[in-house]
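A.B. asks: How does the following fold in three dimensions:
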Amino acid sequence: MFARTVDYFIPDNFPDPTGVEVRRARIGVMITFFAIFWALVASGLGIITEWYASTIGLLIGTALVACAPFVLRATGNLSLTGHCIVAPIYAVLLWTIYVGGGLYAAPILWLPVLPLLASLFQENKTALVWLAVVVVTFLGILLITLLEIQFFPPIDSIEVAHMQFGVALVGTAVTTFAILHLKNNVQIWLTDALRQKETETSAVLETAPDAIITIDTDGQIIRANRATARIFGGERQDIIGQNIRELIADFEDQALVDAMRGNAQNIGDSLEFSGLRCDGEPVPLEIAFGRHDARIVMVLRDITERKVANEALRSARDEAIEASRAKSAFLANMSHELRTPLNAVIGYSEMITEEIELMREDEVDNIALVTGFLPDLTRIRTAGTHLLALINDILDLSKIEAGKMNIHMEVFEVTSLIDDIRSTIAPLAKKSNNTVTAELDAGLGFMNSDITKVRQILFNILSNACKFTRQGRIDIRAKPDEDYTHIVFEVEDSGVGMSEEQLEKIFEAFTQADNSTTRQYGGTGLGLTITRHFAALLGGQVEVESTLGQGSLFRVRLRANLETSAEGTDGDSGRLSAAEFDAPAPQLLTNTTAAGDTVLVIDDDPTMRDLLRRILEREGFAVATAASGSEGLLLAEQLRPDIITLDVMMPSMDGWSLLSRLKENSELRDIPVIMVTMVAESARGYALGADHYLLKPINRQKLVDILDGY
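C.D. replies: Below you'll find the model as predicted:
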């Protein structure tokens with residue numbers, strides 16, 4: 001009956017119908033009923049003792065408290081209900097303390113109950129507020145009593161004693177009964193919560209796809225979930241009670257033994273072991289360990305499918321590798337087979353052409369009948385030559401992929417090679433109305449490498465430049481690096497250029513910048529792929545910088561002497577001297593002089609480089625210039641300049657990256673760096689290690705003053 005009455009005031013739409021909140025609401029309603037019962041009994045005692053003032057206040061407060069369950073049912077707001085209970089009780093206690101004589105009134109002992117009630121219904125902050133109210137109230141009453149202020153009304157001490165004794169007696173009885181009742185409810189509450197938690201835990205364990213086993217320190221299995229029986233192929237009740245050694249074949253493995261002994265290093269680890277099914281069949285397991293008091297919890301996952309999948313992946317990879325090898329072998333064989341008839345086609349077409357030309361010179365009769373075939377013979381020879389070049393490319397690619405590309409070493413003069421290549425591409429350049437220029441360092445000298453592959457690398461890049469440039473310029477540059485271990489070739493054009501997305505795939509086989517390129521310009525997309533592989537074979541690399549619509553720059557670094565190890569050599573060990581090859585000794589030239597301190601100007605703008613060079617040379621400085629970050633880094637390592645001026649906005653390696661590289665180098669970090677740029681990010685520059693920061697257009701005098709300071 002009492003429980004049904006309490007549940008009546010719990011609204012049907014309560015936000016937490018089965019959890020903690022509804023438990024708190026029930027306890028709140030019970031406390032309200034106990035408070036009402038105590039108040040009615042106390043009011044009866046007040047009427048008997050003719051203590052009417054206290055009784056009236058008690059009845060009014062009780063009426064307000066009695067409204068709390070109805071507020072809860074109407075609103076479902078537990079916090080508001082708490083206010084409806086705590087506030088009237090505080091008012092009743094305060095009133096009875098007042099009429100009861102103040103500090104010595106029995107109700108003052110009930111004030112500490114208010115924060116407890118507030119914590120039941122509301123948040124901890126509200127409980128702390130009520131605690132503060134109680135403390136302030138008590139201190140106020142204590143202060144009034146100590147100062148002997150006549151605030152409380154005089155009362156008959158005998159009457160007060162009788163009244164307070166009766167109220168305390170009834171209150172104690174009611175409180176004892178309430179505590180017992182609440183204790184039972186709280187116990188039921190906790191038991192239900194524990195049972196619910198166990199049910200949830202059991203549901204998780206039973207639905208888990210992995211075996212979860214609890215064992216004691218001796219390895220005895222004391223609990224196992226449903227998946228354990230499925231993985232090990234037996235009944236769960238038969239597995240429980242066994243020793244874990246019967247389920248794990250390599251139980252004596254040191255890692256597992258350490259985990260069983262509680263080695264904290266292995267707790268939480270996931271290790272692979274071999275398990276034994278009940279029928280004796282092995283099963284691969286992934287095992288994780290955890291500890292719970294003196295017990296060990298093991299999570300065992302059957303990784304049979306993973307093992308099968310991994311094996312399938314390995315087989316597929318091996319098959320793909322074998323297929324690639326077979327493809328390369330097929331391409332190589334087919335290329336060789338096709339070259340023979342193609343050579344015949346090309347050779348006969350050339351021979352017939354020569355015969356016709358001789359017949360024309362000898363004025364043979366009926367020569368007009370055959371001269372009409374000359375254009376067709378030329379087309380046949382041209383098409384055959386093109387097809388032969390394509391087959392050669394495929395053959396080279398297949399050799400590269402099969403790892404069978406050989407290198408034929410010989411010594412050759414770099415300048416002569418470039419002149420020969422320029423002559424070869426001259427018709428291609430003329431066809432597109434392009435101008436080809438060459439800027440060759442005087443110290444190029446000789447290379448000891450595979451001349452055929454070097455020629456093909458440069459020819460592939462130059463032919464692409466001619467193909468993708470119309471009525472523009474193509475610049476060829478070549479120079480040795482600072483210690484002559486490599487020769488750096490650069491081919492720069494003013495053609496169509498490429499976007500960042502196109503740059504990412506230009507070195508892939510049978511791929512061009514986009515599909516429309518093949519239709520518009522022709523080609524198979526093998527040239528740059530072969531170029532990159534050849535460069536790697538010759539101890540170098542290929543780099544490319546390009547802007548869509550503005551042209552491209554290809555930079556190839558190749559070892560000058562391929563027979564010299566790339567490691568463990570001094571600065572001149574890779575040089576091919578004149579004494580060895582009867583040629584002028586190569587020499588790295590710079591535009592520096594011995595006039596004074598050396599300043600390295602790094603800027604991609606040629607106008608800016610020229611301007612700074614003129615300013616600094618006029619001030620007596622020796623000046624070296626670099627047009628890119630990578631070139632600037634090489635010159636800095638070679639020249640060890642006294643000061644560096646550095647731009648930010650440069651292709652490939654920008655100024656920020658170069659500044660970081662300079663400051664990371666123990667031999668270059670102490671060189672002062674003056675940022676000369678249009679980018680207004682001085683804080684970033686100083687953070688990266690710049691010594692000064694000047695914005696373009698520069699103040700000439702300010703720059704000179706800074707330089708004079710060093």
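A.B. asks: Could you list the domains of the chain?
C.D. replies: Domain ranges of the chain: 2-199, 208-302, 307-402, 410-581, 598-708, per automatic domain parsing.
A.B. asks: Adding mean neighbour count and mean pLDDT, write the ones you listed out as CSV.
C.D. replies: All C-beta atoms are positioned from the backbone trio N, CA, C, and that covers glycine. Formatted as CSV, the domains of the chain follow (neighbours: other CB atoms under 10 Å; pLDDT from 0 to 100):
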stretch, mean neighbour count, mean pLDDT
domain 2-199, 16, 76
domain 208-302, 16, 77
domain 307-402, 13, 75
domain 410-581, 18, 80
domain 598-708, 18, 87
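A.B. asks: Any idea how far the longest strand belonging to the chain is from the middle of the chain?
C.D. replies: The longest strand of the chain (DSSP state E) is strand 282-292. Remark: strand 282-292 is offset 30 Å from the chain centroid, using CA atoms, centre = their mean, to the nearest Å.
A.B. asks: partners of that strand in the sheet?
C.D. replies: Strands flanking strand 282-292 in the sheet, each with its direction: strand 270-276 (antiparallel), strand 295-302 (antiparallel) (DSSP bridges).
A.B. asks: Dump the C-alpha coordinates for the first one into PDB.
C.D. replies: Pointing back at strand 270-276 there. Taking C-alpha atoms only, strand 270-276 is exported to PDB below (Å, rounded to 0.1, in the frame of the first residue of the first chain):
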ATOM      1  CA  SER A 270      48.500  -8.800 -27.600                       C
ATOM      2  CA  LEU A 271      50.600 -11.900 -28.400                       C
ATOM      3  CA  GLU A 272      50.200 -14.800 -30.900                       C
ATOM      4  CA  PHE A 273      50.200 -18.400 -29.700                       C
ATOM      5  CA  SER A 274      49.000 -21.800 -31.000                       C
ATOM      6  CA  GLY A 275      45.900 -23.200 -29.200                       C
ATOM      7  CA  LEU A 276      44.600 -26.800 -29.100                       C
END
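A.B. asks: Of all the strands paired with strand 282-292, which one comes closest to A560?
C.D. replies: Closest of those to A560 is strand 270-276, at 51.6 Å (criterion: CB to CB).
A.B. asks: and that closest one, how far out from the chain's middle?
C.D. replies: 32 Å.
A.B. asks: Phi, psi for A309 please.
C.D. replies: A309 has phi and psi values of phi -60, psi -40 when expressed as degrees, to the nearest 10.
A.B. asks: just so I know, which of the strands paired with strand 282-292 lies nearest L428?
C.D. replies: For the strands paired with strand 282-292, proximity to L428 was assessed by CB to CB; strand 270-276 is nearest, at 61.1 Å.
A.B. asks: how close does T55 sit to D210?
C.D. replies: Look at T55 and D210: by CB to CB, to the nearest Å, they are 69 Å apart.
A.B. asks: again, but for T75
C.D. replies: For T75 relative to D210 (CB to CB), the value is 47 Å.
A.B. asks: thinking again about what came up before, CSV for the strands paired with strand 282-292, including distance to V204?
C.D. replies: What follows is the strands paired with strand 282-292, written out as CSV (distance: least, CB to CB, whole Å):
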stretch, distance to V204
strand 270-276, 19
strand 295-302, 12
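A.B. asks: Of all the ones you listed, which one is nearest T81?
C.D. replies: That would be strand 295-302 among the strands paired with strand 282-292, by CB to CB, at 43.4 Å.
A.B. asks: which residues touch that closest one?
C.D. replies: Residues from elsewhere that reach strand 295-302 (CB atoms under 8 Å, 6 or more residues apart in numbering): 209-217, 222, 228, 231, 244, 259-260, 262, 275, 283-291.
A.B. asks: likewise stretch 670-682?
C.D. replies: For stretch 670-682, the external contacting residues (CB under 8 Å, 6+ apart) are 603, 608, 612, 636, 640-649, 655, 659, 662, 685, 689-696, 698, 703, 706-707, 710.
A.B. asks: among the residues you listed, which are in strands?
C.D. replies: Using DSSP E, those in strands are I643, I644, T645, L646, H692, Y693, L694, L695.
A.B. asks: Please determine how far the nearest residue to the fifth one once chain neighbours are set aside is located from I418.
C.D. replies: Of all residues beyond its chain neighbours, the one nearest H692 is I674 (4.5 Å), with distances taken as CB to CB, 6 or more residues apart in numbering. From I674 over to I418 the distance is 37 Å, taken as CB to CB.
A.B. asks: Closest to A127 out of the ones in strands among the contacts of stretch 670-682?
C.D. replies: Using CB to CB, those come closest to A127 at Y693, 59.6 Å.
A.B. asks: so what's the closest one closest to, chain neighbours aside?
C.D. replies: Closest to Y693 by CB to CB, 6+ apart is S682, at 4.1 Å.
A.B. asks: Can you tell me how far the one you found is from I149?
C.D. replies: According to CB to CB, S682 stands 72 Å off from I149.
A.B. asks: Please apply the same query to V283.
C.D. replies: Applying CB to CB, the value for V283 to I149 is 87 Å.
A.B. asks: Show me where the stretch 301-450 of the chain has its strands.
C.D. replies: 410-413, 435-440, 446-449 (DSSP state E, counting those that start in this stretch).
A.B. asks: Pipe these into a markdown table and attach distance to E490 per row.
C.D. replies: Shown next, in a markdown table, are the strands of the stretch 301-450 of the chain (distance: least, CB to CB, whole Å):
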| stretch | distance to E490 |
| --- | --- |
| strand 410-413 | 19 |
| strand 435-440 | 9 |
| strand 446-449 | 16 |
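A.B. asks: what about dumping the CA coordinates of stretch 214-233 to CSV?
C.D. replies: Taking C-alpha atoms only, stretch 214-233 is exported to CSV below (Å, rounded to 0.1, in the frame of the first residue of the first chain):
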residue,chain,number,x,y,z
THR,A,214,39.2,-16.1,-16.2
ILE,A,215,41.9,-18.2,-14.5
ASP,A,216,43.5,-18.3,-11.1
THR,A,217,47.2,-18.0,-10.4
ASP,A,218,47.5,-21.8,-10.9
GLY,A,219,46.1,-21.6,-14.4
GLN,A,220,42.8,-23.2,-13.4
ILE,A,221,39.9,-21.9,-15.6
ILE,A,222,37.1,-20.6,-13.4
ARG,A,223,35.0,-18.8,-15.9
ALA,A,224,34.5,-19.0,-19.7
ASN,A,225,32.1,-17.3,-22.1
ARG,A,226,30.1,-18.9,-24.9
ALA,A,227,32.7,-18.1,-27.6
THR,A,228,35.2,-20.2,-25.7
ALA,A,229,33.3,-23.3,-26.5
ARG,A,230,32.9,-22.3,-30.1
ILE,A,231,36.6,-21.6,-30.6
PHE,A,232,37.8,-24.7,-28.8
GLY,A,233,35.1,-27.0,-30.1
